[in-house]
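Undergrad: how does the following fold in three dimensions:
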Amino acid sequence: MPVPWRSSADAFAEILQRRGVEPEAVVDVEAAWGAFEEFVQVSLTGIEGPENDGDCIIAQWGKWDSNEEQPTLSFGRQLAVSEGDRRDPDWQPAYWLVELELRFADDPAWSDIDSVGLQDTGFDAAEIGAPRTAVLADIHRLMHSYPQLAAMWRAHPVRSRVALERND
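TA: Purely as a prediction, here's the structure:
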């Protein structure tokens with residue numbers, strides 16, 4: 001059953017909880033990833049189509065000002081939402097990100113996390129179903145190919161949260 005996009009963070013949190021993962025206290029990154037894989041296969045209503053990158057997935061890692069320079073791994077779903085007057089020649093959709101953010105304590109195993117190539121996988125708009133399943137497998141393999149990210153994957157986050165925030 002499709003979920004309204006404004007309820008997407010709640011839907012993600014419900015999937016996490018159903019799988020025994022507390023959104024605000026994740027201790028098993030692999031279980032959280034499994035919930036993310038399920039969540040990104042849920043149809044959402046009120047979002048743009050593929051021509052406007054209406055529904056994209058991304059994984060990100062690193063240390064940023066916005067995460068208090070803590071090592072972070074996040075799994076996100078970017079949604080393009082129709083807002084404003086579409087007749088305006090400069091109209092563009094508004095972008096929102098449903099994200100599970102996992103923050104970790106500093107550790108020698110990932111102290112150089114910012115040196116790990118790209119800081120994200122890039123946005124991928126693969127269709128729900130088999131195409132998205134294949135992309136998720138590629139993302140999982142990519143993240144495990146970096147020793148620092150693989151070490152974070154096996155660790156216990158010190159903080160986690162699910163959020164829906166504007167991503168323009």
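Undergrad: what about the spatially most central residue of the chain, distance to residue 165?
TA: Relative to the mean C-alpha position of the chain, the nearest C-alpha, by Cα atoms, centre = their mean, is the one of residue 76, at 1.4 Å. To residue 165, residue 76 is 10 Å away according to Cβ to Cβ, to the nearest Å. For every residue, glycine as well, the C-beta is placed using N, CA and C.
Undergrad: now swap in residue 44 and tell me
TA: Using Cβ to Cβ, residue 44 is found at 16 Å from residue 165.
Undergrad: so between these two, which is more surrounded?
TA: Relative neighbour count places residue 44 above the other of residue 44 and residue 165, with 22 against 11, counting by other Cβ atoms under 10 Å.
Undergrad: that older thread, what is in contact with residue 76 and residue 165 at once?
TA: With contacts defined as Cβ atoms under 8 Å, 6 or more residues apart in numbering, the residues shared by residue 76 and residue 165 are 97, 99.
Undergrad: doesn't the residue nearest to the centre of the chain fall inside a strand?
TA: Yes - checked against DSSP: H, G, I helix; E, B strand; the rest coil, residue 76 lies within a strand.
Undergrad: what ranges of this protein fall below the confidence cut-off?
TA: For the chain, the stretches with pLDDT under 70 are 84, 117-118.
Undergrad: if we can go back for a sec, wait, isn't the residue nearest to the centre of the chain in contact with residue 61?
TA: No - proximity of residue 76 to residue 61 does not meet the contact threshold set by Cβ atoms under 8 Å, at 11.5 Å.
Undergrad: okay, buried residues for the helix of greatest length in the chain please.
TA: In the chain, assigned by DSSP state H, the helix with the most residues is helix 130-144. Buried residues in helix 130-144, defined by neighbour count with 16 or more other Cβ atoms under 10 Å: 132, 135, 136, 139, 143.
Undergrad: state the number of residues packed around residue 51.
TA: The burial count assigned to residue 51 is 8, neighbours taken as other Cβ under 10 Å.
Undergrad: what's the angle between the strand or helix carrying residue 31 and helix 130-144?
TA: Assigned by DSSP states H and E, residue 31 belongs to helix 29-39. Here the directions of helix 29-39 and helix 130-144 differ by 160 degrees (axes from the mean of the first three to the mean of the last three Cα atoms, to 10 degrees).
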